[in-house]
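> dropping the sequence and predicted coords here.
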Amino acid sequence: MMPLEKAIEAARTLVKPVNPGKASPLGPERETVYTHEFVGGNFAITRLLGSEKHARIAEGRLKSAAEVRILLPEKAVSGQLVRFKVEVINIGAGHNLPTSLTEIRQMWLDVTVKDPKGNILMRSGALDDHGALMVVATHIEPRIVTALIGPPGGAGILFKQEYMNGSTKSYKGSKPNECTHTIHNLSEATIAQLEAPNQILQVKAGTTFIGELFKGDITTRGVVTKNDTPNRTTTITAKDGRRIYRDTKVSRAYPPGTTIQSVVLDLFALTGLPVGSESVYPPGTFPGGWAHQGLWRQALNEALLPFNYFWTIQGGVIYSLNDTVPPPGNVPLLSPETGLIGSPTRTKQGFNAASVLNSAIIVGRGIQVKSQFLTMLGRSAVVEHKYDTDGLIWRTDAQAEVIK
């Protein structure tokens, strides 16, 4: 290998360098003497192994590989969105940047925006306490979260300027969807309104497109306020369809020849929820009739699952879908260009994938991944959205099943 400064020169000029000298005190003068340091681009491991010299050389190689240029607008207007560009130019890597296993060797921009007093207005590309990337800085857009809280069918309180963070988790089938949503620094009067019984929570989030992440019932004692932090926090816990799952029992009997669709729609009607337009139903009838006495969710499972159909409640809408046909609606594509985080992984059922927060990823709907090592179409079975209006957490994790 060449000394650091010679290696940098060769990468930028593409001219073979010379490094005159002696390979040993007793050896002859040579036009080029090669070092035996064998340093790559990993400074962390060499430092952990106790070789500070090799770590410094590795850092030098990394810092010389690219040049970062920030292209700022001529002026910024208070209260308006400011856009700027960051160019990363390969000036000294000597090969592609990144190269080789590009889905393992991550590159990202760590961008911090401060006001004139040094206060941080936005941070994108930070690492957490374990050294993992908290958000992929593919697009620096305003991150918007809104929360509407109020009685069913009545006027509610819309939160959109407050500092908010939380997570939602949606499931295929009978398990209620969940949401934990935190709002900071609410007044006592507002908190009292949120603590009223029978409240509904609806959360939407996005950047250029704002989509619904969750809609459901605030649970009993589901509003908790803490004052033991610099910011007063009010955390709201809700579940989608919770009252339906918890309370509804049915006693139904249908005569021979009743269509499966009519049984399913009758059970759907007991919830009072709208039925999704994409719903499909098993063909045929129950030749010997059909009866059920017990929990509503068990009745639906017995009516649908034997025919490879399933039901799900998403955003206050109930669906019947087929496990053996392609999912309805538009299918979001996750790729490095559209916000895919890391590499999707194969599972026994299908695959797991993560992306920058994407409200179009919905349980029961299609999802497609396209990466260097895996391209696959599936149906979302579990979807978790995590969001934070300060920009540190903004991602969607999905577990998908292949079409049976």
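Everything's here; your move.

> off-centre distance for stretch 30-45?
40 Å (CA atoms, centre = their mean, to the nearest Å).

> so what touches stretch 16-33?
2-3, 6-7, 9-10, 34 (CB atoms under 8 Å, 6 or more residues apart in numbering). C-beta: built from backbone N, CA, C; applies to glycine.

> any idea which of those has the most stuff around it?
Scoring the contacts of stretch 16-33 on neighbours with other CB atoms under 10 Å, the highest-scoring entry is Ala7 at 21 neighbours.

> pull the contacting residues for that one.
Contacts for Ala7 (CB under 8 Å, 6+ apart) come out as 1, 17, 61.

> pLDDT of stretch 183-193, averaged?
For stretch 183-193, the mean per-residue pLDDT is 91.

> and stretch 121-132, by the same measure?
So the average pLDDT for stretch 121-132 ends up being 72.

> residues in contact with the longest helix anywhere in the chain?
Scanning the chain for the helix with the most residues, using DSSP state H, yields helix 52-63. If you take CB under 8 Å, 6+ apart as the criterion, helix 52-63 is touched by 4, 7-8, 37, 39-44, 46-47.

> of the contacts of Ala7, buried ones?
For the contacts of Ala7, a burial check counting by 16 or more other CB atoms under 10 Å picks out Arg61.

> could I get the contacts of Ala7 as JSON lines with distance to Trp394?
Shown next, in JSON lines, are these (distance: CB to CB, whole Å):
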{"residue": "Met1", "distance to Trp394": "41"}
{"residue": "Pro17", "distance to Trp394": "45"}
{"residue": "Arg61", "distance to Trp394": "32"}
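
> which one in the contacts of Ala7 is the model shakiest on?
Least confident of the contacts of Ala7 in the model: Met1, at 74.

> contacts only, for that residue.
Per CB under 8 Å, 6+ apart, neighbours of Met1: 7, 34-39.

> from those, which land in helices?
Using DSSP H, the contacts of Met1 in helices are Ala7.

> of all the contacts of Met1, which comes closest to Gly211?
Minimum distance to Gly211 across the contacts of Met1 is 47.3 Å, recorded for Val39 (CB to CB).

> hang on, Ile318 packs against Val275?
Yes. In this structure, Ile318 is within contact of Val275 by CB atoms under 8 Å, at 5.8 Å.

> before we move on, back to that, identify the farthest-apart pair in the contacts of stretch 16-33.
By the measure CB to CB, Glu9 and Tyr34 form the most distant pair in the contacts of stretch 16-33, at 14.9 Å.

> contacts for the lengthiest strand in the chain next, please.
Criterion DSSP state E: the longest strand present in the chain is strand 210-226. For strand 210-226, contacts defined as CB under 8 Å, 6+ apart pick out 144, 146, 149, 168, 170, 176-177, 179, 186, 191, 194-195, 198-205, 232-243, 315-316, 359-360, 385, 387.

> let's see that with 6 Å instead.
144, 168, 179, 191, 194-195, 199, 201-205, 233-240, 242-243, 315-316, 359, 385 (CB atoms under 6 Å, 6 or more residues apart in numbering).

> of those, keep whichever come out buried.
Applying 16+ other CB under 10 Å to these flags 168, 179, 194-195, 199, 201-205, 233-234, 236-240, 242, 315-316, 359, 385 as buried.

> doesn't Tyr47 belong to a strand?
Rather than Tyr, residue 47 is Arg. No. Counting by DSSP: H, G, I helix; E, B strand; the rest coil, Arg47 is located in no strand; its state is helix.
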